[in-house]
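> Dropping a prediction and its sequence here:
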Amino acid sequence: QVQLVESGGGLVQAGGSLRLSCVASGVTFSSYTMAWFRQAPGKEGDFVAAITSTESIVRTYYADSVKGRFTISRDNAKNTVFLQMNSLKPEDTAVYYCAMDSRPWTVVRSTGAKYWGQGTQVTVSS
């Protein structure tokens, strides 16, 4: 059974940092593209960051709104993907979702990811 479990969300003041984690099970983790998305109240979901599988050169992708502030990384030994979020802003407030797919990011970004976690709430106060 494929499962994604996020953790690390919480309440933080503007300018602060949080690190989200997402543990995957039921798949060969290293072969999967991993990504983070977020959805703010009353808004559509947005892409945040993605990291390719380690079957070739690892590449990372970021939304313009988080470039320079957020870093995505993965630890294949722990089946975990991380999202380090620094210099947080109130507009980063959202439910953050981990997603994964066996296809390359170049495909997933157009078609959507196959597997999703339940989400973790991030609230940034001003």
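Looks like it arrived, so ask away. Keep in mind that what you see is a predicted model, and the values were worked out from it rather than measured. Numbering: from 1, shown residues only.

> do you know how far the nearest residue to residue 59 once chain neighbours are set aside is from residue 92?
Of all residues not flanking residue 59 in the chain, residue 52 sits nearest, at 4.8 Å (C-beta to C-beta, 6 or more residues apart in numbering). The C-beta positions use only the backbone N, C-alpha and C, and glycine is treated the same way. From residue 52 over to residue 92 the distance is 24 Å, taken as C-beta to C-beta, to the nearest Å.

> now do residue 31
Using C-beta to C-beta, residue 31 is found at 30 Å from residue 92.

> before we move on, the earlier item: contact partners for the residue nearest to residue 59?
33, 58-60, 104-105 (C-beta atoms under 8 Å, 6 or more residues apart in numbering).

> State the helix or strand in which the spatially most central residue of the chain lies.
Central residue check for the chain by C-alpha atoms, centre = their mean: the C-alpha nearest the mean position is that of residue 36, 2.1 Å away. Assigned by DSSP states H and E, residue 36 falls within strand 33-39.

> hey, C-alpha coordinates of the lowest-mean-pLDDT helix or strand in the chain in CSV?
Sorted by mean pLDDT, DSSP states H and E, the helices and strands of the chain end with helix 105-111, the least confident at a mean of 92. Output in CSV follows, covering the C-alpha atoms of helix 105-111 (Å, rounded to 0.1, in the frame of the first residue of the first chain):
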residue,chain,number,x,y,z
TRP,A,105,8.8,15.9,-13.3
THR,A,106,8.6,17.1,-16.9
VAL,A,107,5.5,14.9,-17.3
VAL,A,108,4.1,15.3,-13.7
ARG,A,109,4.0,19.1,-13.9
SER,A,110,1.5,18.9,-16.7
THR,A,111,-0.6,15.9,-15.7
